[in-house]
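> what's the 3D shape of this:
(one chain, ligands or ions: 1)
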Amino acid sequence: MSEYIKIPKKFQAIDSHLHIHKLFEEERQMNFIDGHEWYKDSCGIKAINIASLPRNAGNNMAVALYKVANEQAFAHGCIVYPESPVNPNTIGNMDPLTQYKEMMEIGFDGIKFLEGKPEIYKRNWIPVDSDFYEPFWAEIEKDGTHVLAHINDPEFFWDGDKVSDELKAKGWFYGDGTYLPSEEMYKQIDNLLEKHPSLCLTLAHFYFCSAKPKKLVDMFNRYKNLAIDITPGGEMYVDFENNHDYYKDFFAKYSDRILFGTDGDFPRCVEAMRWLADRIYRFLATDERIMSFDNNLIEGILLPEHKVKQILSENFVRRVGTTPRVMNKKALKNYIDKYKHLIPTREDYQLIEDLCKKYL
Ligand SMILES: [Zn+2]
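The predicted structure is shown next:
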């Protein structure tokens with residue numbers, strides 16, 4: 001079946017987890033704003049949430065400018081680090097709490113926390129549950145701000161026999177002793193949640209627990225605001241198929257804890273985003289047998305319509321808001337002034353300057 005399904009309007013689908021890799025796609029001569037409009041229209045998606053990446057300070061700015069240009073867009077901002085590894089003693093007015101407050105003032109709708117991904121963690125090696133982040137988490141918990149967090153990666157990334165050369169070339173082999181073991185990272189999150197049980201935290205990519213869902217069930221029972229998203233990792237869809245009946249019940253029972261997203265990264269994989277939106281929708285809403293990740297077939301779990309709607313949109317809206325927050329241009333200007341020296345390339349710097357001229 002080659003045709004993509006357009007997600008029916010009644011579900012008001014929100015892609016809760018997208019990124020911007022580059023601001024302009026040469027091939028189609030399309031900028032990121034038009035690119036996302038095209039994606040939404042062609043997939044039947046009502047709104048999108050762009051999650052910033054700590055790739056460089058410019059990504060946060062671009063994402064914020066995107067929100068200025070498109071008032072329908074949600075966005076999650078991330079902490080910017082003035083150096084790697086960062087020195088907590090000299091970070092001055094760029095500490096996580098200050099940055100959180102700046103982002104809220106600008107009008108971000110939530111926080112993207114990628115620092116639990118092993119390759120990112122390795123840059124700073126600062127525990128997520130340490131004093132460095134403590135005031136940041138405390139304030140976020142108090143405010144009830146939504147955090148989309150990428151913690152760990154698939155377990156086999158630590159196993160040299162199971163990581164393909166392709167993944168190794170991407171830097172996704174963590175078994176050489178220089179990365180934090182995944183159990184230790186899980187422990188940091190356990191500690192964090194014990195300290196801040198009300199955090200409105202969504203753990204991306206099923207928290208890489210599709211082979212051990214009991215861990216998620218335990219966490220759902222303890223933490224009322226905890227959620228996961230079902231952006232691939234393709235491995236999770238293989239586990240869903242291998243445990244079809246279990247997961248059919250799991251999705252029905254925890255339909256208020258699961259968020260839809262594709263993890264698309266404009267313009268790198270616009271086609272893949274469409275494919276993903278189609279696959280995830282069919283998996284949730286139909287009982288079709290469809291080609292899924294790594295050429296595995298997967299059977300849809302045919303959830304009742306109201307549960308499909310929870311996953312496709314309501315869970316995000318409940319955590320983040322019905323409409324995106326209004327942007328404060330003055331606060332964004334101040335932010336860009338403060339952090340622009342951290343934009344690493346001339347090219348990005350120029351693009352941000354051009355966008356500022358156009359939208360601020
Ligand atoms: Zn992502």
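> where does pLDDT dip in this structure?
Along the chain, segments meeting pLDDT under 70 span 1-2, 269.
> longest helix anywhere in it?
The longest helix of the chain (DSSP state H) is helix 270-285.
> contacts made by that helix with the rest, please.
With contacts defined as Cβ atoms under 8 Å, 6 or more residues apart in numbering, helix 270-285 is touched by 4-5, 7, 13, 15, 18, 25, 35, 38-39, 42-43, 45, 230-232, 237, 240, 251, 260, 262-264, 288, 290, 292, 298, 300-303, 305, 308, 311-312. Every residue, glycine included, has its C-beta placed from N, CA and C.
> how far off centre is that helix?
16 Å (Cα atoms, centre = their mean, to the nearest Å).
> buried ones in the very next helix or strand once past it, by neighbour count?
With elements assigned by DSSP states H and E, the helix or strand that comes after helix 270-285 is strand 289-291. Within strand 289-291, no residue counts as buried by 16 or more other Cβ atoms under 10 Å.
> strand 289-291: partners in the sheet, and parallel or antiparallel?
Paired neighbours of strand 289-291 in the sheet (DSSP bridges): strand 297-299 (antiparallel).
> sorry, back to before: drop anything exposed from the contacts of helix 270-285.
Looks like the contacts of helix 270-285 have 4-5, 7, 13, 15, 18, 25, 35, 39, 43, 45, 230-232, 237, 240, 251, 260, 262-264, 292, 298, 300-301, 303, 308, 311-312 buried, using 16+ other Cβ under 10 Å.
> tell me where the stretch 251-360 of the chain has strands.
258-259, 264-266, 289-291, 297-299 (DSSP state E, counting those that start in this stretch).
> looking at these, which is nearest to L351?
Nearest of these to L351, taken as Cβ to Cβ: strand 264-266 at 13.8 Å.
> out of the strands of the stretch 251-360 of the chain, which is closest to V86?
Nearest of the strands of the stretch 251-360 of the chain to V86, taken as Cβ to Cβ: strand 264-266 at 24.6 Å.
> hang on, the earlier thing: okay if I get the strands of the stretch 251-360 of the chain as TSV plus distance to D153?
Output for the strands of the stretch 251-360 of the chain, formatted as TSV (distance: least, Cβ to Cβ, whole Å):
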stretch	distance to D153
strand 258-259	19
strand 264-266	16
strand 289-291	24
strand 297-299	22
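> of the ones you listed, which is nearest L203?
Taking the strands of the stretch 251-360 of the chain one by one with Cβ to Cβ, strand 258-259 is closest: 9.8 Å.
> kindly confirm my reading that H17 is in a helix.
No - counting by DSSP: H, G, I helix; E, B strand; the rest coil, H17 is not part of a helix but strand.
> residues contacting the residue nearest to it when sequence neighbours are not counted?
Taking Cβ to Cβ, 6 or more residues apart in numbering, and ignoring the residues beside it in sequence, H17 has G261 as its nearest neighbour in space, at 3.0 Å. Applying Cβ under 8 Å, 6+ apart to G261 gives the contacts 15-18, 49, 204, 229-231.
> perfect, I'm done here.
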